Each structure stands twice: as C-alpha cells, then as structure tokens.
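Q: I'll drop the sequence and a predicted model, then ask my questions.
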Amino acid sequence: MKSSEIRQKFLEFFASKGHAVVASSSLVPHEDPTLLFTNAGMNQFKDVFLGFDKRPYTRATTSQKCVRAGGKHNDLENVGYTARHHTFFEMLGNFSFGDYFKHDAIHYAWELLTEVYKLPVDKLWVTV
C-alpha cells in the first residue's frame, strides 16, 4: 500500500466516525512562539487542549506535515543511516476534544488496523 493510500484511508476512516478532516497547519507555527517548527499533529490544537479556544467540532483528524530538527524526539544522528528516520514527515492523527476517551480510541485503532488496513490479527501484539 502506498503512503497516499494509507493517508487517504486514515482520513476517510475517521471522517466516517464523525471527525472533521482538518488541513495541515503551517510548518512554521505563527500563533505559537514556543515552537520554531510544527513538530506534531496536535500543535494546531494546543489552545483547544489547554482550554483557551474552542472549535466548531469535537473530533478532528489530520495529516500534519512536521519537521523535527532536535529536542525531545531527536533522531538527527540516524537521518541518512536508516530508511525510517527523517526530519520531515507527515503525522496522521485523530483527536477528541472531550467527546470520547481511551476506550473508544482503542476500538477505533483496532478497527482501522484490522478492518481497513487488513493487518492480520495474529501479527499484532497489544501492550498496556
């Protein structure tokens, strides 16, 4: 499956579960002076999580363009040496602003993996 198919199926799945599909925000977060670059999908919703802002939806899904060039999740020393370490990537995310919690999120993740992406259940390991 190509990355474009993974992205499309992810967004369509969460849209079918009542999530608003929200466009990727800018790589340079103009509204957040604490960040040089957008480094996670939740950045554009930071004020919602902190209770400073409200959106017209309580569920969102995104394919957020991200740059990580240091900090807590710093993999810079591995960039160029492995096929999976990059400084630029897209982060797929599903978010609930008080509408549902872990129980539903776990069920959504399982359904996405096993029914949409068709990953074999016997190849998945669940941990707590």
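A: Looks like it came in fine. Numbering: from 1, shown residues only.

Q: touching, residue 7 and residue 89? I think so.
A: No: counting by CB atoms under 8 Å, residue 7 does not reach residue 89; the two are 11.6 Å apart. Where you see a C-beta, it was placed from the backbone N, CA and C, and this is true even at glycine.

Q: quick check: which ranges of this structure have low pLDDT?
A: Residues of the chain meeting the criterion pLDDT under 70: 70-75.

Q: all the strands of this protein, residue numbers only.
A: 20-22, 59-67, 88-96 (DSSP state E).

Q: chain center to the last one: distance?
A: For strand 88-96, the gap between its own C-alpha mean and the chain's C-alpha mean amounts to 2 Å (CA atoms, centre = their mean, to the nearest Å).

Q: please enumerate the helices of the chain.
A: Remark: helices assigned in the chain by DSSP state H are 3-16, 46-49, 102-111.

Q: please name whichever of the strands of the chain is nearest to residue 120.
A: Closest approach to residue 120 among those (CB to CB): strand 88-96, 20.8 Å.

Q: can you give me the buried ones in the closest one?
A: The neighbour-count check on strand 88-96 (16 or more other CB atoms under 10 Å) flags 91, 92, 93, 94, 95, 96 as buried.

Q: tell me the one of these nearest residue 115?
A: Closest to residue 115, out of all of the buried residues of strand 88-96 and judged by CB to CB, is residue 94, at 15.4 Å.

Q: now do the contacts for the closest one.
A: Counting by CB atoms under 8 Å, 6 or more residues apart in numbering, residue 94 touches 14, 19, 59, 60, 61, 105, 108.
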